[in-house]
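Visitor: Sequence unavailable; structure follows:
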């Protein structure tokens, strides 16, 4: 006698089909569970046994073998309890044998027969729908799984409720999707007095999705401005919402099936380990870089993070994904995030100039900022020096423009980028495949597409070449400067990138012809005054 039930194994945010095969044979009453499961899976035997006793049902006095196929695929987690129990009940005749056809199941069992919540209900529902199956899940996970759309969802509070449903004595109603909650109040840029150059850089970063770092003494407003970045960003699109929510579902961060279109803003403490940032651990859970997917990762006190943890960010910053390598598997998570960092100029925080300057400058600054590797800094598009706020700045009235006005300009710039991507996709459909790789944000543009959308004139290209020679601009820095200049032109509404746009981009890269690193002027009146060769 045998029975089958479909369940799912998670590999990152992807769910893979697993068949639960249960066989009853003669011999001593024993319960074997095979199929390369971890500790939580092996403990399913006792949870299933206890749940059966809790509902007044005894396991048959026979040898029971439950196989999780394919056997060479690692199985992790407690969500295998429910499919194992359902397959056993189908083999015992408690549930009609054909009732489980067309269904997959995930869920953990309590010892009294209740079905308790598990992580990953949304990606499980999406995967089940792709297999043309319905999903049986815990009642608490029903609102989350219902966001999968066309997938049939059966959310049950207990094993008894499922038995009654399949016998037709108490039919369960399909769950309704959870609420779409509104984002909380975002701090306004009007609260920031002074720091006009830093606010300009924040707007540029929001418009193109660029990485940004603020360098300045304590109390200059670095964290304050970073906290106002989410207010400048548009809400998640439908596809971005699904991607982000699936990651949060695997991490167990979705409560009551409630989703939000607000972009993630993650701010881990500087004591976070490499596994906490990039993902890992016993079950290869997503890290902060993946939880910030389609949003912002803010790293305050950047040099205080471990060097190994910081360098682990280099791959996801380039590729938009992170690979957690394990002995028996490689787990991939999306990690397309916008990095915003804040750091003091030196350990004491005062820097080498102004009142209360560090007495060990410039060596203190060099040693402290040297904790951050050059390749990581090369991946940060805007590097902005934030001076101390003066009493004169604090005495000023609130600025005339705030988050609403800046967000409107950001939305207009992003609309131009989306329109260019759409035009490139149409051109690819007509046979011009050279522009088929068309990202929606300038920070992701590359290759022929980047060259085409920049359309540099001769003075702009000459200025960029001179900056590369004078400041040691790397090949990566060249490309990122072009991306940044294109975003600056988009905020202006310019069709092509001109010399003034390249000049401003070079200032934010802390490079300008004839100047040393970090000494470039940030005065907008001088951006167009740099002479090309």
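Guide: Right, received. Where do you want to start? Keep in mind the model is a prediction, meaning the values are calculated, not measured.
Visitor: which residues are in contact with the biggest strand by length in the chain?
Guide: Assignment by DSSP state E gives strand 14-25 as the longest strand of the chain. Strand 14-25 has contacts (Cβ atoms under 8 Å, 6 or more residues apart in numbering) with 1-10, 35, 60, 62-70, 73, 75, 80, 83-84, 87-88, 90-91, 104, 120, 123-124, 126-128, 131. C-beta here means a position set from N, CA and C on the backbone, and glycine is covered the same way.
Visitor: any idea of the mean pLDDT in that strand?
Guide: Strand 14-25 shows an average pLDDT of 95 in the prediction.
Visitor: Adjacent strands (with direction) for that strand?
Guide: strand 2-11 (antiparallel), strand 63-69 (antiparallel) (DSSP bridges).
Visitor: And the longest one, how far out from the chain middle?
Guide: The one in question is strand 2-11. 28 Å (Cα atoms, centre = their mean, to the nearest Å).
Visitor: one step back: identify whichever of the strands paired with strand 14-25 lies nearest to residue 150.
Guide: With Cβ to Cβ as the criterion, residue 150 lies closest to strand 2-11 of these, at 17.2 Å.
Visitor: Tell me where the stretch 51-200 of the chain has strands.
Guide: 63-69, 103-105, 108-109, 115-116, 134-138, 153-156, 180-181 (DSSP state E, counting those that start in this stretch).
Visitor: quick check: mean pLDDT across the fifth one?
Guide: Throughout strand 134-138, pLDDT has a mean value of 98.
Visitor: Now do the buried residues in that strand.
Guide: 134, 135, 136, 137, 138 (16 or more other Cβ atoms under 10 Å).
Visitor: can you check the longest one too?
Guide: Taking 16+ other Cβ under 10 Å as the neighbour-count basis, strand 63-69 is seen to contain the buried residues 64, 66, 67, 68.
Visitor: Between the residues you listed, which sits nearest residue 420?
Guide: For the buried residues of strand 63-69, the nearest to residue 420 is residue 68 (48.2 Å; Cβ to Cβ).
Visitor: got the contact list for that closest one?
Guide: 7, 18-21, 33-37, 41, 75, 80.
Visitor: got a winner among those residues for most neighbours?
Guide: residue 80 (33 neighbours; other Cβ atoms under 10 Å).
Visitor: Same list, the buried residues of strand 63-69, but as TSV with pLDDT and distance to residue 427 please.
Guide: Listed next are the buried residues of strand 63-69 as TSV, based on pLDDT from 0 to 100; distance: Cβ to Cβ, whole Å:
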residue	pLDDT	distance to residue 427
64	95	61
66	96	55
67	97	52
68	97	48
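Visitor: For these, give me TSV that also has distance to residue 480.
Guide: Shown next, in TSV, are the buried residues of strand 63-69 (distance: Cβ to Cβ, whole Å):
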residue	distance to residue 480
64	60
66	54
67	52
68	47
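Visitor: Verify the stated contact: residue 195 with residue 222.
Guide: No: contact criterion Cβ atoms under 8 Å: residue 195 and residue 222 do not qualify, at 9.2 Å.
Visitor: Mind listing the shared neighbours of those two?
Guide: With Cβ under 8 Å, 6+ apart as the test, residue 195 and residue 222 both reach residue 386.
Visitor: of these two, who's got more company?
Guide: residue 222 (26 against 23).
Visitor: measure that one to residue 347 for me?
Guide: Distance, residue 222 to residue 347, by Cβ to Cβ, to the nearest Å: 16 Å.
Visitor: ok, back up a step: for residue 463, which of the strands of the stretch 51-200 of the chain is the nearest?
Guide: strand 180-181 (46.9 Å).
Visitor: Give me the mean pLDDT for the closest one.
Guide: Mean predicted confidence for strand 180-181 is 92.
Visitor: hmm, who's touching it?
Guide: With Cβ under 8 Å, 6+ apart as the criterion, strand 180-181 contacts 258, 259, 260, 261.
Visitor: With stretch 326-335 instead?
Guide: 11-13, 74, 243, 247, 278-279, 284, 286-287, 289-290, 292-293, 316, 320-324.
Visitor: Buried among those? Need that as a selection in ChimeraX.
Guide: In ChimeraX, this line selects whichever of the contacts of stretch 326-335 come out buried by 16+ other Cβ under 10 Å:
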select :11,12,13,74,243,247,278,279,284,286,287,289,290,292,293,316,321,322,324
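Visitor: Let's see which of the contacts of stretch 326-335 end up in strands.
Guide: 11, 279, 286, 321, 322, 323, 324.
Visitor: Now distance to residue 303 too, for these, in JSON lines please.
Guide: Formatted as JSON lines, these follow (distance: Cβ to Cβ, whole Å):
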{"residue": "11", "distance to residue 303": "35"}
{"residue": "279", "distance to residue 303": "23"}
{"residue": "286", "distance to residue 303": "25"}
{"residue": "321", "distance to residue 303": "26"}
{"residue": "322", "distance to residue 303": "22"}
{"residue": "323", "distance to residue 303": "26"}
{"residue": "324", "distance to residue 303": "25"}
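Visitor: How is residue 496 assigned, secondary-structure-wise?
Guide: State at residue 496, reduced to three classes by DSSP: H, G, I helix; E, B strand; the rest coil: coil.
Visitor: Now do the contacts for it.
Guide: Per Cβ under 8 Å, 6+ apart, neighbours of residue 496: 454, 455, 456, 457, 489.
Visitor: I'd like the distance between the residue nearest to the second one when sequence neighbours are not counted and residue 241.
Guide: Yep, that's residue 455 we're talking about. Counting by Cβ to Cβ, 6 or more residues apart in numbering, residue 455 lies nearest to residue 496, which is 4.1 Å off, once chain neighbours are set aside. Residue 496 is 34 Å from residue 241, where distance means Cβ to Cβ.
Visitor: pLDDT score assigned to the residue nearest the centre of the chain?
Guide: Nearest to the mean C-alpha position of the chain, counting by Cα atoms, centre = their mean, stands residue 293 at 1.7 Å. Here the pLDDT value assigned to residue 293 is 97.
Visitor: what sits against residue 390?
Guide: residue 194.
Visitor: Return the subset of the contacts of residue 496 lying in helices.
Guide: 454, 489 (DSSP state H).
Visitor: Can you tell me the closest non-neighbouring residue to residue 262?
Guide: residue 183 (3.4 Å).
Visitor: and that neighbour, backbone torsions?
Guide: In terms of degrees, to the nearest 10, the main-chain angles of residue 183 are phi -70, psi 150.
Visitor: for residue 343, same thing?
Guide: Backbone torsions for residue 343, taken as degrees, to the nearest 10, come to phi -150, psi 150.
Visitor: From the contacts of strand 180-181, list the buried ones, please.
Guide: The neighbour count (16+ other Cβ under 10 Å) marks 259, 260, 261 as buried among those.
Visitor: Across the sheet, point out what pairs with the first one.
Guide: Following DSSP bridges, residue 259 is listed with bridge partners residue 180.
Visitor: Let me know whether it touches residue 146 as I believe.
Guide: No: when contacts are counted by Cβ under 8 Å, residue 259 is not listed as touching residue 146 (10.9 Å).
Visitor: what do those two both touch?
Guide: Joint contacts of residue 259 and residue 146 (Cβ under 8 Å, 6+ apart) are residue 178.
Visitor: All the helices of the stretch 201-350 of the chain, residue numbers only.
Guide: 222-226, 238-250, 274-278, 288-291, 307-311, 314-319 (DSSP state H, counting those that start in this stretch).
Visitor: And the contacts of the shortest one?
Guide: Residues outside helix 288-291 that contact it (Cβ under 8 Å, 6+ apart): 247-248, 251, 253, 264, 266, 268, 272, 276-279, 297, 313, 316, 322, 333-335, 337.
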